[in-house]
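Enquirer: Sharing a model that was predicted from the sequence below.
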Amino acid sequence: MHPATFARWSNQSSFIHRLDARVKLILLLAFVISLALLRAPSTLQLACCFLGLSAIAWSAHLPVVRILRMSLLIVPFIGIFSVILYLTGENGRAWFILAKSYLSALSVLLCVSVTPLS
């Protein structure tokens, strides 16, 4: 990922881009902490988080599919732990960790993409 891509994405004009960076940081921290505190999220909760983040990317005029693909880069790193948990018999926990990590990475990527670098 070239840094110029983030610079190009962050210099667009949308309601999300115009929010103060401190507000974006507080919202990001609140989202990531609330996601981490969910012990066993339901599929509906995870789907709502995913759709909400996708809607934010769409409303910010960002390439949604590309951002969703880029956030998949977290899977090989956290996937190792998920596979270990899966092999020990904790199937549900393995999927929750994988999904929560992906959603956290997606939220951070969105925050970086809509916050101007200067």
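Expert: Cool, the structure landed. Numbers count the residues shown, from 1 in each chain.
Enquirer: which residues touch residue 109?
Expert: For residue 109, the set of contacting residues under the criterion of CB atoms under 8 Å, 6 or more residues apart in numbering consists of 67, 70-71. Any C-beta I mention is one placed from the backbone N, CA and C, and that applies to glycine too.
Enquirer: Contact partners for the spatially most central residue of the chain?
Expert: In the chain, the C-alpha closest to the average C-alpha coordinate belongs to residue 106, at a distance of 1.8 Å (CA atoms, centre = their mean). For residue 106, the residues meeting the contact criterion (CB under 8 Å, 6+ apart) are 50, 53, 67-68, 71.
Enquirer: And for residue 83?
Expert: Taking CB under 8 Å, 6+ apart as the criterion, residue 83 is in contact with residue 94.
Enquirer: ok, now how distant is it from residue 41?
Expert: Counting by CB to CB, to the nearest Å, the gap from residue 83 to residue 41 is 20 Å.
Enquirer: Over to residue 73?
Expert: When residue 73 is compared with residue 41 (using CB to CB), they lie 22 Å apart.
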